[in-house]
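**Q** dropping the sequence and predicted coords here.
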Amino acid sequence: MAAKTLAGKTVEVNDEGFLLNPDDWSEEMAPELAKEEGIDELTEQHWKIIRFIRQDFKEKGQIPTIRRIKNAGGVPIKDLYQLFPEGPVKKAAKIAGLGKPQGCV
């Protein structure tokens, strides 16, 4: 287990940089995590997805699939790929302080 400092708080991360404890996350950490993923600025649309993923995870206990984000979150898949290129659920989950989604390699 490694440690990383985000927004002035030291958190534990796995070898891919995913937070080990989602409760350690704060919205202030998201821009730093986004920059690591090649996203320079988080727009309101990014935040809509990040907040949906965190809320859905809290309610269901697992990271939502891309289909669930599209259907329940109301975000077209095309938009997800534009906002979070090259693996939208994986990148969005990481920025949201959650673990690596199942099925992601």
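**A** Yep, that arrived. This is a predicted model, so every value here is computed, not measured.

**Q** for the lengthiest helix in the chain, which positions count as buried?
**A** The residue-count maximum for a helix in the chain (DSSP state H) belongs to helix 44-60. Buried residues in helix 44-60, defined by neighbour count with 16 or more other CB atoms under 10 Å: 46, 49-50, 52-54, 56-57. Backbone N, C-alpha and C define where each C-beta goes, glycine included.

**Q** and after it, which helix or strand comes next?
**A** Using DSSP states H and E, the helix or strand that follows helix 44-60 in sequence is helix 66-71.

**Q** low-confidence ranges in the protein?
**A** Scanning the chain with the threshold set as pLDDT under 70 gives 103-105.

**Q** please, where are all the strands along it?
**A** In the chain, the strands defined using DSSP state E lie at 2-6, 9-13.

**Q** could these go into a markdown table alongside mean neighbour count and distance to P101?
**A** Conversion of the strands of the chain to a markdown table gives the following (neighbours: other CB atoms under 10 Å; distance: least, CB to CB, whole Å):
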| stretch | mean neighbour count | distance to P101 |
| --- | --- | --- |
| strand 2-6 | 13 | 20 |
| strand 9-13 | 14 | 16 |
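
**Q** format those as TSV; extra columns: distance to L20.
**A** As requested, these are arranged in TSV below (distance: least, CB to CB, whole Å):
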stretch	distance to L20
strand 2-6	9
strand 9-13	4
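
**Q** of all those strands, which one is nearest E41?
**A** Using CB to CB as the criterion, the shortest distance between E41 and these is 17.0 Å, found for strand 2-6.
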